[in-house]
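Asks: What would the 3D arrangement of this be:
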Amino acid sequence: MGHADAHRLKLLSYNIQAGVDTRHYRQYVTQGWKHMLPHRERLQNLNRIATMIQQYDVIGLQEVDAGSLRSGFVDQTEYLAHRAGFAHWYKQVNRNLGKLAQHSNGMLSRIRPSHISEHKLPGLPGRGLILCRFGGVTGLSVCILHLALSRRARLRQLAYVSDLVSALTHVVIMGDLNCSCDSREMRLLRQRVDLQEPVCDQSTFPSWRPMRKLDHILVSESLRVENARVLDYPLSDHLPIGIDIVIPKGMDLAA
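Replies: Numbering: from 1, shown residues only. Sure thing, here's the model as predicted:
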């Protein structure tokens, strides 16, 4: 597991807004061009993100660009993996606009996954899920996803996710779910899958004045969680969430 603690796994979920550093609502308008065209501050901001994520073992990224005009044709998942020293990474392109944009989810890991699969979520095209397994079927399963803006679509998507993970023993679901902890969608998910969410009292959006809890890490009741927190790193319009998982006795993540 590299420099990772053999009994603990540090996880992070982060919507990085394709490397755009937004600090005020007005910048969605005044700096909207940054979402379509390259600019040097994007790479500088990615470097700051890379420094911050170095302390983690498995990272789920949302709103990553897989290498288009707006990112200077930089695959941001791969770039962050190299810059922060992660041996394993995976990208899922969910909305391919050719040279204009490559909207993606991303995974970075210091541990070699035993299996990775990607899934298209129900609803309009453009939303997906990465499922990474560590240590085989009885090991740890990590889902990285970015849900739709529409509640109707989110209900369908979380029903799909619950069916996908219901037979798995140790599960982590993390990402930008675009809904709050007490939303109808989240209640549906927790009714179908035995999950806990240790950070529900801390908002993640907007990063400069957090008022809404859109980003989540949900964990099977079978896993012990420590140091769950929203991190004060406003390098996107979302704040990242970090947790530590205590690895159950007998679980070999490298198997």
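
Asks: so who does Ser180 touch?
Replies: Residues near Ser180 by CB atoms under 8 Å, 6 or more residues apart in numbering: 186, 212-214. Where you see a C-beta, it was placed from the backbone N, CA and C, and this is true even at glycine.

Asks: neighbours around the residue nearest to His88 when sequence neighbours are not counted, how many?
Replies: Leaving aside its sequence neighbours, His88 sits nearest to Ser109 (CB to CB, 6 or more residues apart in numbering; 4.4 Å). Residues lying near Ser109 (other CB atoms under 10 Å) number 27.

Asks: returning to what we had before: among the contacts of Ser180, which lie within strands?
Replies: Counting by DSSP state E, no part of the contacts of Ser180 is found in strands.

Asks: Which ones among the residues you listed map onto helices?
Replies: Using DSSP state H, the subset of those located in helices is Met186.

Asks: got a winner among the contacts of Ser180 for most neighbours?
Replies: That'd be Lys213 among the contacts of Ser180, by other CB under 10 Å, with 23 neighbours.

Asks: Spit out the contact partners of that residue.
Replies: 180-181, 200, 202-205.

Asks: repeat that with 6 Å
Replies: Lys213 makes contacts with 180-181, 203, as judged by CB atoms under 6 Å, 6 or more residues apart in numbering.

Asks: and it, what are its phi and psi?
Replies: phi -100, psi 90 (degrees, to the nearest 10).

Asks: and if you look at Val161?
Replies: Dihedral angles (degrees, to the nearest 10) for Val161: phi -60, psi -40.

Asks: do Leu189 as well
Replies: According to degrees, to the nearest 10, Leu189 has phi -60, psi -50.

Asks: Could you find the closest non-adjacent residue to it?
Replies: Leu158 (4.6 Å).

Asks: closest to Phe86 among the contacts of Ser180?
Replies: Lowest distance from Phe86 to these (CB to CB) belongs to Leu214, with 24.9 Å.

Asks: Do you know the pLDDT at the spatially closest residue to the closest one that is not a sequence neighbour?
Replies: Closest residue in space to Leu214, ignoring its immediate chain neighbours: Phe205 at 4.7 Å, by CB to CB, 6+ apart. Looking at Phe205, its pLDDT reads 96.

Asks: Also Met36?
Replies: pLDDT, read off for Met36, is 65.

Asks: Equivalent analysis for the one 5 residues further on, please.
Replies: pLDDT for Glu41: 85.

Asks: So what's the residue count around it?
Replies: Around Glu41 there are 13 residues (other CB under 10 Å).

Asks: strand partners of the helix or strand where Ser141 lies, parallel vs antiparallel please.
Replies: Using DSSP states H and E, the element containing Ser141 is strand 140-146. Strand pairing for strand 140-146, using DSSP bridges, gives strand 128-134 (antiparallel), strand 170-176 (parallel).

Asks: for these, which one sits closest to Ala101?
Replies: Among these, the nearest to Ala101 by CB to CB is strand 128-134 (15.0 Å).

Asks: can you give me the mean pLDDT across that closest one?
Replies: 97.

Asks: do the same with stretch 138-148
Replies: Regarding stretch 138-148, the rounded mean pLDDT is 95.

Asks: neighbouring contacts of that stretch?
Replies: The contact list for stretch 138-148 (CB under 6 Å, 6+ apart) reads 60, 62, 105, 107, 123, 127, 129-134, 154, 157, 168-173, 175-178, 251, 253.

Asks: So which bits of it are buried?
Replies: Residues of stretch 138-148 classed as buried: 139-148 (neighbour count, 16 or more other CB atoms under 10 Å).

Asks: Can you tell me which of these lies closest to Ala101?
Replies: Among the buried residues of stretch 138-148, and counting by CB to CB, the member closest to Ala101 is His146, at 14.4 Å.

Asks: what bridges to the closest one?
Replies: Under the criterion used (DSSP bridges), His146 bridges to Asp176.

Asks: circling back: check the offset of the host helix or strand of the residue nearest to Leu189 from the chain's centre.
Replies: Element membership of Leu158 [criterion: DSSP H and E] is helix 151-165. Relative to its chain's centre, helix 151-165 lies at 17 Å (CA atoms, centre = their mean, to the nearest Å).

Asks: Sounds good, over and out.
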